Structure formats: C-alpha cells, structure tokens
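J.: Make a model of this:
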Amino acid sequence: MSSRRRVVITGIGAITPIGLTRGGLWTGLQEQHSAVRSVTRFDPSIFRSHNAAEVSDFVPHDHMEARRAKRLDRFGHFSVAAARMALDDAELDLAREDRERVGAMMGTALGGVGYAEDQLGVFLTQGLKAVDAALALAVFGGAASCNIAIEFGVQGPNSTNAMSCASGTIAIGEAFRQIRDGYADVMLAGGAEAPLAPLCFGSFSIIRAMSTRNDDPGGASRPFDRDRDGFVMGEGSAVLVMEEHERAVARGARIYAEVAGFGTSNDAYHMTAPLPDGAQAARSMRMALDDARVTPGEIGYVNAHGSSTPLNDPTETLAIKKVFGDRAYATPVSSTKGYYGHALGASGAIEAAICALTIVNEWLPPTLNLECADDACDLDYIPAAGRPARVEHVLSNSFGFGGINAALVLRRV
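T.: Residues are numbered from 1 along each chain as shown. All right, here's what the predicted structure looks like:
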C-alpha cells in the first residue's frame with residue numbers, strides 16, 4: 001500500500017442550473033440563490049410536484065460538431081460537453097498522451113430515459129419509421145463514457161455505472177482506483193443526468209419522493225429543514241480530469257485537490273428508505289477516511305447528500321454522528337442541493353467539483369432554505385450564508401435508491 005500512486009484533480013467541467021461552466025458554478029454558489037423554478041419543459045399540473053431545476057441556455061453545438069450532436073440526446077450532450085470543458089480547464093493535450101492510459105468513467109441513474117420517453121411518443125403517434133435511428137445507441141447508460149471515449153479518442157478503462165444517486169461519486173471513486181493502482185494515468189470521471197420528461201418526472205411524483213411546495217419553488221429544496229417534504233428533480237453534469245500526481249506536477253498542471261479516499265457500501269434494507277440507524281452510510285464514510293488515512297478530526301467540511309427528504313436528512317445526520325463522535329458538532333456540514341435540486345446520478349460529481357473548489361477558494365457554501373432545523377438534524381449546517389474557511393480535507397457523501405452509499409475524501413495539495 002505504501003507504493004500506491006497519488007491522484008489529483010486538474011480539470012473541472014460543469015453544466016448545472018446555477019452555471020454552465022466551472023466558473024459559473026462557483027459564481028452561482030456565491031450568489032446564494034436557488035435555481036429551482038416551476039417546470040417549463042412540459043405541463044406539470046397533472047402531478048403533485050410542479051418544480052424542477054432546469055439547465056437553461058445550454059447549446060450542444062458550442063461543444064461538439066453538429067453531426068455528432070445530432071446523434072446524441074441531452075444526457076449524451078451533457079457528458080461530452082462537460083468532459084471537453086474539463087480537458088480545456090486542465091490544459092491537457094491528448095495528442096501527447098498515450099491514449100491507452102487515458103480512460104473515462106461516468107455515472108448516471110437513468111441515462112437517456114427522457115429521450116427514450118420522447119421517442120416513444122413519436123412511435124405511438126407517427127410509427128416506427130419516424131423514430132430517430134440513433135435512439136438505441138443514444139439512451140443506454142454506457143453512452144456517457146463511450147461517447148466521451150469516441151469524442152476524444154481515449155482507449156483506457158471505460159465504464160458507466162447506474163447506481164442511482166451515488167453514481168457520480170462511485171465513478172470518481174473507481175477512476176481514482178484505476179490511477180492509484182496503476183491501470184491508467186489520466187481519467188475523465190463524473191456523472192450526467194437529463195431526467196426532466198413527463199413520465200420520468202411523474203414516476204417520482206407517484207411515489208411521493210418530490211417536494212409539493214409548488215407555491216414557493218425557490219424554497220422547495222430545503223435540506224435539514226423541519227418543513228422539508230421531498231427532493232426537487234434537477235439535471236446537469238460534471239466531469240473531472242484526474243491525473244497521477246507526479247505527472248501532473250511535471251507538466252505544470254494547476255491542481256485543485258487530491259482525491260485521497262473512497263468508500264462504498266449497501267444498506268441491504270429497502271429500495272427507497274435508508275437503513276434507519278445509518279450504519280452502512282457511516283461505514284462508507286469510515287472506509288473513505290481509512291482509505292485516505294485521515295481521522296474524522298482532520299475533516300474540515302462535509303458536503304452532505306442532504307436530499308431534502310424526510311428520511312434521508314436525519315439518517316445522514318445520525319451517520320455523521322456515528323463517524324465523527326463528539327467532533328460532529330464542531331464540523332461544518334452543508335448540502336448544496338438547495339441551489340440546483342437533485343440531479344440524481346450527476347449530483348455526486350457536481351458536489352465533488354464543489355468540494356475541490358471549496359478547498360481552492362477557501363469558502364464553504366451554505367445550506368439554502370434552512371430556516372428552522374429539524375430537531376433530529378442538529379449539526380452545524382452553515383445556514384443562511386456561506387463561510388470563509390481554509391480546510392485541508394473535505395468529505396463528500398452520496399446515497400441512492402437501493403441502499404447505495406458512497407463517500408469521497410478530497411485533500412488540499
């Protein structure tokens with residue numbers, strides 16, 4: 001283990017409802033306003049929930065040739081565009097790299113389900129001949145990492161996982177292992193999600209998972225607040241360029257942070273409800289800390305999953321207490337989903353990017369809409385306004401349907 005390689009983040013690409021670039025994401029965080037609005041993509045009036053966090057003004061042709069853009073759906077557009085922005089940000093010239101040592105790993109909960117839904121409507125109204133010939137190749141989950149590989153000619157390790165809302169975090173964790181263990185030198189890793197379509201949206205409304213605070217869209221996503229009533233669906237993507245540390249230093253790369261540890265576990269309990277005692281969520285955090293060889297006391301900030309659901313938030317709070325003990329109350333924690341909703345499989349990647357930026361910019365984003373904390377959610381959740389802070393290590397949590405738990409530790413370099 002002493003010879004394992006260090007892994008650093010040298011590029012960040014982000015497409016989110018609060019910003020369409022890495023810089024836009026950070027500016028959006030500092031403005032401290034929610035991007036949640038009433039849905040505009042379709043008429044949501046037949047559903048219990050009417051709110052979503054939509055990505056506006058995104059133009060696929062700004063990031064890829066029109067011919068390629070035509071073959072991809074929105075989920076694919078997000079994947080390739082975020083990867084291109086990350087590569088540009090890293091100033092990485094792939095023409096000088098061994099393409100077999102560069103890979104791509106992505107996460108997505110639902111892949112191109114929105115586009116599939118749209119094309120089903122075409123099929124039912126116009127027949128099979130009217131269906132887009134690219135449908136079968138555009139919507140499967142693996143299209144995320146495969147289209148990145150094709151676009152940039154990278155031939156190293158490649159996979160897309162579909163582990164619900166922990167997908168982006170798991171993709172980054174697995175990419176970290178590929179570099180650490182010597183199977184790759186560079187990885188493009190993150191998540192992408194484009195689920196805002198009526199049937200998909202309605203399916204989450206049916207199971208009463210989403211907020212019905214329809215008269216106050218901007219206040220609908222309210223992690224850890226006593227009056228939270230469900231998550232708000234979002235969309236977007238984030239991709240990180242991850243490199244072996246010594247090669248990044250040798251080429252003079254700007255380093256945002258080191259990926260120091262990763263842990264994942266499963267509750268093995270229920271498809272939607274977390275294990276009530278938070279034991280496996282806590283275990284994923286401990287595994288990430290152990291992997292990073294740091295103690296809870298060395299963590300200066302926790303970016304919580306904080307989905308704004310009645311069950312997740314107190315369970316995550318309990319899990320943090322199990323891991324941090326007496327230090328739990330002295331450790332700043334926030335959920336950033338009040339800004340941009342819950343982008344499902346992309347959320348963990350967006351939040352890993354945010355964690356890297358908090359280290360560089362020495363500012364911790366607040367938990368928006370936290371006006372009256374739940375008695376069971378009694379940690380330092382950074383309510384109301386962000387906080388200047390220099391932190392050496394941060395922990396990022398992601399939990400998903402099916403009992404999936406995942407955690408990352410990032411370190412200042």
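J.: In the protein, which helix is the longest?
T.: helix 74-90 (DSSP state H).
J.: For that helix, the averaged confidence score.
T.: Average pLDDT, helix 74-90: 98.
J.: For that helix, which helices and strands make contact with it?
T.: On a contact count with 3 or more CB pairs under 8 Å, 6 or more residues apart in numbering; DSSP states H and E, helix 74-90 meets strand 7-15, helix 113-126, helix 143-152, strand 186-193, strand 236-244. Every C-beta, even on glycine, is put in place using the N, C-alpha and C of the backbone.
J.: how far off helix 143-152 does that helix point, in degrees?
T.: Between helix 74-90 and helix 143-152, the angle comes out at 50 degrees (axes from the mean of the first three to the mean of the last three CA atoms, to 10 degrees).
J.: ok, and the closest non-adjacent residue to V39?
T.: Closest residue to V39 apart from its sequence neighbours, by CB to CB, 6 or more residues apart in numbering: A52 at 4.8 Å.
J.: Doesn't the one you found belong to a helix?
T.: No. Counting by DSSP: H, G, I helix; E, B strand; the rest coil, A52 is located in no helix; its state is strand.
J.: which ones are touching it?
T.: A52 makes contact with V36, R37, V39, R41, P44, L196, F201, V232, M233, G234, E235, G341, according to CB atoms under 8 Å, 6 or more residues apart in numbering.
J.: Provide the strand pairings for whichever helix or strand comes after the longest helix of the chain, with the direction of each partner.
T.: Using DSSP states H and E, the helix or strand that follows helix 74-90 towards the C-terminus is strand 102-107. Sheet pairing of strand 102-107 (DSSP bridges) gives strand 158-161 (parallel), strand 186-193 (parallel).
J.: Just name the most buried of those strands.
T.: Mean neighbours per residue, mean count of other CB atoms under 10 Å, is largest over these for strand 186-193, with a mean of 35.
J.: Report the rounded mean pLDDT for that one.
T.: Mean predicted confidence for strand 186-193 is 98.
J.: right, and the helix or strand after it?
T.: Next along from strand 186-193, by DSSP H and E: helix 198-206.
J.: On the pLDDT front, check the nearest residue to I354 once chain neighbours are set aside for me.
T.: In this structure, I354 finds its nearest non-sequential neighbour in T336, 5.8 Å apart by CB to CB, 6+ apart. Per-residue confidence at T336 stands at 98 (pLDDT).
J.: sorry, back to before: and the helices and strands packed on helix 74-90, which is most packed in?
T.: The most buried one of these (mean count of other CB under 10 Å) is strand 186-193, showing a mean of 35.
J.: Distance from the chain centre to that one, please.
T.: 10 Å (CA atoms, centre = their mean, to the nearest Å).
J.: What of stretch 69-84?
T.: With CA atoms, centre = their mean, you get 16 Å for stretch 69-84.
J.: Over to stretch 73-89?
T.: The answer for stretch 73-89 is 14 Å, by CA atoms, centre = their mean.
J.: Which positions within that stretch qualify as buried?
T.: For stretch 73-89, burial by neighbour count (16 or more other CB atoms under 10 Å) applies to 73-87, 89.
J.: With respect to V122, which of those residues is nearest?
T.: D73 (13.0 Å; CB to CB).
J.: Not counting its neighbours along the chain, what's nearest that closest one?
T.: Per CB to CB, 6+ apart, closest to D73 is Y115, 3.5 Å.
J.: how's the protein carved up into domains?
T.: Listed domain ranges for the chain are 7-250, 261-411 (source: automatic domain parsing).
J.: low pLDDT regions in this structure?
T.: 1-2 (pLDDT under 70).
J.: just the helices in it please.
T.: Using DSSP H, helices in the chain cover 22-31, 66-71, 74-90, 113-126, 135-138, 143-152, 167-180, 198-206, 245-250, 279-292, 312-324, 337-340, 347-361.
J.: hey, which of the ones you listed is tucked in deepest?
T.: helix 337-340 (a mean of 30).
J.: residue contacts, G234?
T.: 16-17, 36, 52-54, 193, 337, 340-344, 347.
J.: Could you rerun that using 7 Å?
T.: For G234, the contacting residues are P17, A52, A53, Y340, G341, H342, A343, by CB atoms under 7 Å, 6 or more residues apart in numbering.
J.: any idea how far F78 is from it?
T.: As defined by CB to CB, to the nearest Å, G234 lies at a distance of 12 Å from F78.
J.: for T16, same thing?
T.: Where F78 is concerned, T16 sits at a distance of 10 Å (CB to CB).
J.: residues shared between the contacts of the two?
T.: Contacts common to T16 and F78, judged by CB under 7 Å, 6+ apart, are G236.
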